[in-house]
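*Asks:* Below is the structure, and that's it, no one-letter string:
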């Protein structure tokens, strides 16, 4: 099984990737939070920092683009290729209201004719492989029966399927019946994404889908940064590893941003990790109440 780290806006940027890769490894590809091209084709400074080669040395990174304009995709992809990237990912999964209202992310799935014209142009002109991350549809899982026909017309490097529709966001159970149908119908390599949070989840998935060789994990890996190790060796994350990871991450953030943003970042990460370890849940209750980074650090010291 190849394991990919799904992007999560605000968390899995280059700082997080570097600390995770150095401490745990085991990830075949880290996908960046999406780059959203502007109308004048420029990068936002934050997005540019995240994909700069010097901020991702030695890490297997795939940049992701969010747009519904082929010219914007191609311009941005060309800049990324100049940086040395050899795979570009198209985001057709984001369920955010502001994204969907503009017909991007999972909102693009509701415009199959436009999507096909878009794919015609990018696959005709791209010189490196383009993979796609998608949901089953915007409003109904049945939409995927037509969408897979569209995807099959192109040499999609990998088709990552998150078997939910847009209105599910991250609630409800992934639709494994429709995923099974999609897996059988796809002529391109398929990667699974959705609710793999434990060894039990992984084993249940493999029992039903033994031929799947690619898996993308997001929230489960943030909750348990050693999850891939646990899935492959059975070795669970220790409390000391959790604390060491949090300490390294905090120090890395402090090198590039002021205290208040660092505190916000650490609270985001602990909100996920709190569900994975009994001690983490207890500590999270204390962390939530902190208002300054110094208060956060004092609480951390009590638990080390």
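*Replies:* Thanks, I have it. Since the model is a prediction, treat every value here as computed from it, not as a measurement.
*Asks:* Now do the helices in the protein.
*Replies:* Under the criterion DSSP state H, the chain contains helices at 14-23, 45-51, 70-82, 97-100, 112-125, 144-151, 176-185, 199-208, 219-223, 227-233, 239-254, 259-273, 278-287, 293-303.
*Asks:* burial count for the closest residue to residue 154 other than its chain neighbours?
*Replies:* What sits nearest to residue 154 in space, not counting adjacent residues and going by CB to CB, 6 or more residues apart in numbering, is residue 123, at 4.7 Å. Where you see a C-beta, it was placed from the backbone N, CA and C, and this is true even at glycine. Using other CB atoms under 10 Å, residue 123 is surrounded by 15 other residues.
*Asks:* quick one: contacts for residue 123?
*Replies:* Residue 123 is in contact with 130, 154, 155, counting by CB atoms under 8 Å, 6 or more residues apart in numbering.
*Asks:* Equivalent analysis for residue 225, please.
*Replies:* By CB under 8 Å, 6+ apart, the neighbours of residue 225 are 20, 23, 24, 237, 241, 242, 245, 273.
*Asks:* Make a markdown table out of those residues and add pLDDT and distance to residue 93.
*Replies:* Shown next, in a markdown table, are these (pLDDT from 0 to 100; distance: CB to CB, whole Å):
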| residue | pLDDT | distance to residue 93 |
| --- | --- | --- |
| 20 | 98 | 22 |
| 23 | 98 | 28 |
| 24 | 97 | 25 |
| 237 | 93 | 27 |
| 241 | 95 | 30 |
| 242 | 94 | 29 |
| 245 | 97 | 27 |
| 273 | 94 | 24 |
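*Asks:* Quick one, which of these are buried?
*Replies:* Among the contacts of residue 225, those scoring as buried are 20, 24, 237, 241, 242, 245, 273 (criterion: 16 or more other CB atoms under 10 Å).
*Asks:* Verify the stated contact: residue 68 with residue 110.
*Replies:* No: counting by CB atoms under 8 Å, residue 68 sits too far from residue 110 to count as a contact (11.0 Å).
*Asks:* on that earlier part again, pick the most deeply packed of the helices of the chain.
*Replies:* helix 219-223 (a mean of 21; mean count of other CB atoms under 10 Å).
*Asks:* Nearest to residue 30, out of the helices of the chain?
*Replies:* Closest to residue 30 of those, according to CB to CB: helix 14-23, at 5.0 Å.
*Asks:* Now find how far off-centre that closest one is within its chain.
*Replies:* Relative to its chain's centre, helix 14-23 lies at 14 Å (CA atoms, centre = their mean, to the nearest Å).
*Asks:* And stretch 213-228, by the same measure?
*Replies:* 10 Å.
*Asks:* ok, now stretch 169-185?
*Replies:* Taking mean C-alpha positions (CA atoms, centre = their mean), stretch 169-185 and its chain are 18 Å apart.
*Asks:* got it, and stretch 292-304?
*Replies:* For stretch 292-304, the distance to the chain centre is 29 Å (CA atoms, centre = their mean).
*Asks:* What are the contacting residues of it?
*Replies:* 243, 246-247, 250, 254, 259-260, 262-263, 266-267, 279, 283, 286-287, 290.
*Asks:* Could you list the low-pLDDT ranges of the chain?
*Replies:* 39-42 (pLDDT under 70).
*Asks:* The same query, at a cut-off of 90, please.
*Replies:* By pLDDT under 90, the weakly predicted segments of the chain are 37-48, 169-170, 275-282, 302-304.
*Asks:* re the thing from before, which one, of the helices of the chain, ends up nearest to residue 37?
*Replies:* helix 70-82 (3.9 Å).
*Asks:* Between helix 112-125 and that closest one, find me the angle.
*Replies:* With axes from the mean of the first three to the mean of the last three CA atoms, to 10 degrees as the basis, helix 70-82 and helix 112-125 are set at 40 degrees to each other.
*Asks:* residues in contact with helix 70-82?
*Replies:* Helix 70-82 has contacts (CB under 8 Å, 6+ apart) with 35, 37, 39, 41, 43, 51, 63, 65, 67, 88, 90, 117-118, 121-122, 125-128, 130.
*Asks:* same thing but 10 Å
*Replies:* By CB atoms under 10 Å, 6 or more residues apart in numbering, the surrounding residues in contact with helix 70-82 are 32, 35-43, 47-48, 51, 53, 62-67, 69, 85-88, 90, 114, 117-128, 130.
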